[in-house]
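In: after the sequence you'll find the predicted model.
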Amino acid sequence: MADIVLINPRFEISYWGLEHAMPFLGVKAIMPVANLPLLAALTPSGHHVTLVDENVEPIDFGRCARAHIVGVTGMNVQRRRMKEILAELKRRGVFTVVGGPWVTVQEDDIAGLADVIFIGEAEETWPRFLAEWSEGRHQARYEQAERTDMATVPVPRLDLLRMKDYAFGSVQFSRGCPFECEFCDIIVTFGRRPRIKTSAQVLAELDGLVKVGKQSVFIVDDNLIGNKRAIKALLREVIGWQEARGYPLSFATEASIDLGEDTELMELMVEANITSVFVGIETPNEAALRETKKVQNLRARGGTMLDKVHRIQEAGMEVWCGVIVGFDNDDAGIFAAQSRFVREARIASAMVNMLVAIPRTPLYKRLAKDGRLTPLEDEENSGGFGTNVVPLRISREALYAGYTELMHDLYTLDAYFGRLDELYLDACLRPARARTRYLHRRPLRWLKFNGRLLFEAVAIFVLLMRGIPDTALRREYRRRLMRLAWYRREPQIIQTYAIKCAMHWHAHRMVQELLARRRFSTDLAA
Ligand code: B12
Ligand code: SF4
């Protein structure tokens, strides 16, 4: 039978990759991609699978050359490295297959580099390919006719990964999202009807995560609350599981803003020990929200977007968000408006992107028709503007400059810690209420758990004080952390705040890199 190696290529540095923060958190990468251990679990017994994540270990090409099949996955931010790896494997005569989010939307990008390509979900096509490969009659391209029935998805093989190298473990409850944002490739690939696993599957995965020693887990659903009724039922099961085991896991996830309209759902998420939620805010510009069909962000029910963010925070979850600049309805005023919104929403971690048209999305099709797309290669080879979209009401230069300035403004020490302190000191955010309640009834466990959190906070602090080269930043992190600890003595909050200092360092480094890149592009243009 086959000797199979599956590779996740190195990521380029990105906002959520938190690459610059990793050394201070004692890990190598934020989390493993969910697809490799899942593909391993989908591989029929008899084959031998090795997983390689280049973000935590180097690729041994000699080892790959001895395998029968080498598979490569990847997102758009891995495409360059994917191609390098495939080219090297081809040079060595290795039989290669490729799949994942990037080739699913841009299959011609790897033309001639892989023997077999997988488009979209692969729960049915991967085992089918292996059977056909064994019989010497495989195809060059596989695409599932039907979307995966989530009730058939097996428990991922986490035992094949070096889980201690990651900050988070990952689990997926559902796929798909009911909304129809114009720029989104998720609904193109996974559809608008949320499909959900059974509670037995999810709880078995949670047991597996505890077994490999994880305490923090990212629920990697496209939108956790796509089917509210089904997710509420599942959350009730997760709450029972947590209570019975002493709340071994805390979760972060992604959800749409209508979460802030549903008190029962927020309560259930908090009780299940979900402590943070990433929300696609995109923009406070209502014309742009209408343009991009983000109708859920415009809905008056439950108040404004700002009200809903505050309500989620008051329920006990930190909100992280994504914002986008460069919609057709954006003009030069958008950057200040975004900055104001993020400040008023007291969101410390805001990921800013320029509008990018991902192939196969409705946005991509519209802009291609209007002749407003630039080729990817231009971005890759020329320093570029960081997006393939030609904006309508501002120049590309002004958009890029505004984006860089916005990132800079959001991550100055005063702006970032101002938002953080408003949330943790003024609004007194209280995450993990259910676990705190549980531990208060068990003093010994309380002591052990909080002792660990305090130890982690001190370790991060020491690493920051030793590792940050900038004296002013070090002084500020020390001062802010001491002040927080003075007012809020809970070890959980102190540990979170220490992590936030490391996250600031990552954002600060990203801003420095962006500014340097902008200077380089300006010099090039001159
Ligand atoms: C959870 C998530 C995250 C998490 C975790 C990321 C991680 N490291 O795993 C966080 C929040 C950290 C994150 C960050 C980012 N993400 Co993200 N993320 C997702 C999300 C919502 C789910 C991914 C997931 O785990 N899916 C579950 C697995 C099982 O599905 P899958 O990977 O698609 O795999 C299936 C098939 O594709 C196939 N398959 C996959 N690979 C292969 C390989 C072979 C050989 C075969 C046969 C089959 C196969 O089989 C699997 C089973 O069916 C997706 C949206 C989506 N649904 O794809 C976006 C998504 C993947 N992310 C995206 C992006 C851009 C990013 C960031 C770059 C954003 C940023 N600017 O910072 C960063 C990258 C940071 C990093 N270093 O990880 C884009 C990628 C766009 C693209 N088409 O390439 C997506 C599609 C969302 C979007 N449209 O914006 N992300
Ligand atoms: S809410 Fe998020 S996942 Fe759903 S369609 Fe919009 S961008 Fe895509």
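Out: Ah, there it is. Ligands and ions are numbered 1, 2, ... in the order given.

In: residues contacting the single nearest residue of the stretch 1-150 of the chain relative to ligand 1?
Out: With C-beta to the nearest ligand atom, the shortest gap between the stretch 1-150 of the chain and ligand 1 falls at Gly99, namely 2.6 Å. Heads up, the C-betas are built off the backbone N, CA and C, glycines and all. Shown in contact with Gly99 (C-beta atoms under 8 Å, 6 or more residues apart in numbering): 35, 71, 73, 117-119, 122.

In: ok, now Gly322?
Out: Contact partners of Gly322, counting by C-beta under 8 Å, 6+ apart, are 278-282, 350-351, 353.

In: swap the cut-off to 7 Å and go again
Out: 278, 280-282, 351, 353 (C-beta atoms under 7 Å, 6 or more residues apart in numbering).

In: cool, and Arg66?
Out: Counting by C-beta under 7 Å, 6+ apart, Arg66 has no contacts.

In: sec struct for Val352, please.
Out: strand (DSSP: H, G, I helix; E, B strand; the rest coil).

In: any chance of a markdown table for the contacts of Gly322, columns neighbour count?
Out: As requested, these are arranged in a markdown table below (neighbours: other C-beta atoms under 10 Å):
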| residue | neighbour count |
| --- | --- |
| Phe278 | 19 |
| Gly280 | 22 |
| Ile281 | 27 |
| Glu282 | 24 |
| Met351 | 18 |
| Asn353 | 17 |
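
In: which ones, among these, also lie beside ligand 2?
Out: Counting by C-beta under 6 Å from any ligand atom, Gly280 from these sit close to ligand 2.

In: of the contacts of Gly322, closest to ligand 2?
Out: Closest to ligand 2, out of all of the contacts of Gly322 and judged by C-beta to the nearest ligand atom, is Gly280, at 4.8 Å.

In: rewinding a little: okay, the contacts of Gly99 in CSV with pLDDT, distance to ligand 1 and neighbour count next?
Out: Compiled in CSV, the contacts of Gly99 are given as follows (pLDDT from 0 to 100; distance: C-beta to the nearest ligand atom, whole Å; neighbours: other C-beta atoms under 10 Å):
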residue, pLDDT, distance to ligand 1, neighbour count
Asn35, 98, 3, 23
Gly71, 98, 3, 28
Thr73, 98, 3, 24
Ile117, 98, 9, 21
Phe118, 98, 4, 24
Ile119, 98, 9, 17
Ala122, 98, 4, 25
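
In: now for whichever strand or helix holds Ile493, which elements pack on it?
Out: Following DSSP states H and E, one finds Ile493 within helix 491-525. Applying 3 or more C-beta pairs under 7 Å, 6 or more residues apart in numbering; DSSP states H and E, one finds that helix 491-525 contacts helix 22-25, helix 396-410, helix 443-467, helix 471-487.

In: average pLDDT across the third one?
Out: It refers to helix 443-467. Averaged across helix 443-467, pLDDT comes to 98.

In: right, and ligand 2 sits closest to which residue of the stretch 301-450 of the chain?
Out: Proximity of the stretch 301-450 of the chain to ligand 2 (C-beta to the nearest ligand atom) peaks at Gly322, 8.5 Å away.

In: part of a strand, is that residue?
Out: Yes: Gly322 sits within a strand when classified using three-state DSSP.

In: buried residues of the helix holding Ile493, list them for me.
Out: Going by neighbour count (16 or more other C-beta atoms under 10 Å), the buried part of helix 491-525 is 491-508, 510-511, 514, 518, 521.

In: quick check: Met351 touching Gly17?
Out: No: the criterion here is C-beta atoms under 7 Å, and Met351 misses it with Gly17 at 10.8 Å.

In: please pull out the lowest mean pLDDT helix or strand from this protein.
Out: helix 376-381 (a mean of 62; mean pLDDT, DSSP states H and E).

In: count the neighbours of Thr404 for me.
Out: Thr404: 20 surrounding residues under other C-beta atoms under 10 Å.

In: might you report the residue contacts of it?
Out: Thr404 neighbours (C-beta under 7 Å, 6+ apart): 514-515, 518.

In: from those, which has minimum pLDDT?
Out: Among the contacts of Thr404, pLDDT bottoms out at Arg518, giving 78.

In: look up phi and psi at the residue nearest to Asp149 when sequence neighbours are not counted.
Out: Leaving out its chain neighbours, the residue that sits closest to Asp149 by C-beta to C-beta, 6 or more residues apart in numbering is Arg195, at 7.3 Å. Main-chain dihedrals, Arg195, degrees, to the nearest 10: phi -110, psi 140.

In: around ligand 2, which positions in the chain sit nearby?
Out: 177, 179-181, 184, 186-187, 222-223, 256, 280.

In: may I see the buried residues of stretch 56-75?
Out: Buried residues in stretch 56-75 (16+ other C-beta under 10 Å): 56, 59, 64, 67, 69-75.

In: tell me the one of those nearest Tyr364?
Out: Met75 (16.3 Å; C-beta to C-beta).

In: so who does the closest one touch?
Out: Met75 neighbours (C-beta under 7 Å, 6+ apart): 100-102.

In: for these, could you give me JSON lines that also reports pLDDT and neighbour count?
Out: Putting the contacts of Met75 into JSON lines (pLDDT from 0 to 100; neighbours: other C-beta atoms under 10 Å) gives the following:
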{"residue": "Gly100", "pLDDT": "98", "neighbour count": "24"}
{"residue": "Pro101", "pLDDT": "97", "neighbour count": "20"}
{"residue": "Trp102", "pLDDT": "97", "neighbour count": "22"}
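
In: setting aside sequence neighbours, what's the nearest residue to Thr275?
Out: Nearest residue to Thr275 in three dimensions, chain neighbours excluded: Pro431, at 4.0 Å (C-beta to C-beta, 6+ apart).

In: count the neighbours of that neighbour for me.
Out: Pro431, neighbours per other C-beta under 10 Å, totals 22.
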